[in-house]
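Enquirer: Need coordinates for the below:
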Amino acid sequence: MFQRLLLCSCLVLCCGCAAGGRHHATPEQPRSITLSALKANPAMLQEVEGAFSHDTPCILLLEQGQSLPLTLEVNTPAVTMAPVTGQLVFHRDIHIRISAKGLYLSSDGQTWTSIRDVEQTKAILGADHATLSLALKALAGQGAGAVLRVNGTAGR
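Expert: Alright, predicted model coming up:
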């Protein structure tokens, strides 16, 4: 379930929608759950998922140095791809505020931006310049193939 949440977040980030702006934390902070605590106690996932449908937001802290198995699966009328799992490794702390109102990101847990605000989201993730590329390849003995890459770099 958490993988679906994270994948949805990434898809919204990649697709982008113009909206958002930065918001400061309210005096009443929602409960904060770390990725390491969630890994140790998967039952906490119900609280994270409940934040989408209830008026009880929570904050998920993706800690620097932590990794998360991420499964990518594509199933559309035009193309499909069997699930592929890899490790998503976090190189800095990322806070995700989850609520019925949407997803918000923060690098410090105090100043928040809507995940729909692509420019601010790129700044929080440290990727001032981001690219999505699809490369076709042909290798002798292996036939044709493709490589999908998402790259982000600081600065231009």
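
Enquirer: gap between the nearest residue to Ile115 once chain neighbours are set aside and Ala138?
Expert: Of all residues not flanking Ile115 in the chain, Leu103 sits nearest, at 4.3 Å (CB to CB, 6 or more residues apart in numbering). (C-beta placed from N, C-alpha, C; glycine too.) With distances taken as CB to CB, to the nearest Å, Leu103 is found 39 Å from Ala138.

Enquirer: Of these two, give the one with the bigger neighbour count.
Expert: Leu103 (21 against 8; other CB atoms under 10 Å).

Enquirer: Which of the helices or strands spans that one?
Expert: strand 102-106 (DSSP states H and E).

Enquirer: Give the other helices and strands that that strand contacts.
Expert: Packing contacts for strand 102-106, counted by 3 or more CB pairs under 8 Å, 6 or more residues apart in numbering; DSSP states H and E, involve strand 94-99, strand 111-114, helix 118-125.

Enquirer: 6 Å - rerun?
Expert: Judged by 3 or more CB pairs under 6 Å, 6 or more residues apart in numbering; DSSP states H and E, the packing partners of strand 102-106 are strand 111-114.

Enquirer: Strand partners (parallel or antiparallel) of the strand it packs on?
Expert: strand 22-24 (antiparallel), strand 102-106 (antiparallel) (DSSP bridges).
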